[in-house]
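Q: Build me a model from this:
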Amino acid sequence: IISLDPNYSPQIWPDYREAREVLPEMLGYATITKPSLDDASRLFGRNLTPEEYITRYHEMGPEIVVFTMGKDGVLLSDGSEQIHIPARPIEVVDATGAGDSFWAGFLVALLDGHSLEHCALFAREIVEQKLTTVGPLPDTIDREAVYARIEAKSASPGEEEEG
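A: Modelled structure (predicted):
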């Protein structure tokens, strides 16, 4: 598994032409990527739909695209199917590191052998902890407890929205 979070910001990478050359080359090695709606719109323009952005990322090489859209949730794509995982309403107190927290949670669940959808549910739990906590996440998170919460919520009708 080669993962790449293709952050793009002109404030950090002012040479747009270079970014448009380097990112596709790097994504050609990735098997999974996590672009955000903000990064995609800065890279490709604001006139595309999330599905069109996802297609662009697949065309650069990754088999799996995990497209984060903030309060609009996540679109998972394996190239043939897309699954929407909605965000849940929470009170955000600190968004610093939210994307990294989501991606770390997703990759942990992936390495634990879970489906893409289950990985996104796990990542959503982790990012919600980050968003509702000032400062960094705790040094240790009991991932078995997180998996148990996901299972409990999926067993309770009406807890989860359909994707």
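Q: Strands of this structure, start to end?
A: Assignment of strands within the chain using DSSP state E yields the ranges 3-4, 32-33, 64-68, 74-77, 82-85.
Q: Deepest-packed of those strands, please.
A: Scoring the strands of the chain by mean neighbour count under mean count of other C-beta atoms under 10 Å gives strand 64-68 as the most buried, with a mean of 25. The way it works is simple: take the backbone N, C-alpha and C, and place the C-beta from them, glycine included.
Q: For that strand, name the packing helices and strands.
A: Identification of packing neighbours for strand 64-68 by 3 or more C-beta pairs under 8 Å, 6 or more residues apart in numbering; DSSP states H and E yields strand 32-33, helix 37-44, helix 50-59, strand 74-77, helix 98-111, helix 116-131.
Q: How much space separates the closest residue to G79 other than its chain neighbours from Q11?
A: What sits nearest to G79 in space, not counting adjacent residues and going by C-beta to C-beta, 6 or more residues apart in numbering, is H58, at 5.5 Å. Using C-beta to C-beta, to the nearest Å, one gets 27 Å for the distance from H58 to Q11.
Q: try M60
A: Separation of M60 from Q11 (C-beta to C-beta): 23 Å.
Q: The two: who's more crowded?
A: Neighbours of M60 and Q11, each counted by other C-beta atoms under 10 Å, are more numerous for M60; the result is 17 against 6.
Q: Enumerate every residue touching the nearest residue to that one once chain neighbours are set aside.
A: Leaving aside its sequence neighbours, M60 sits nearest to L27 (C-beta to C-beta, 6+ apart; 3.9 Å). Residues in contact with L27 (C-beta atoms under 8 Å, 6 or more residues apart in numbering) are L4, P6, T33, Y57, M60, G61, P62.
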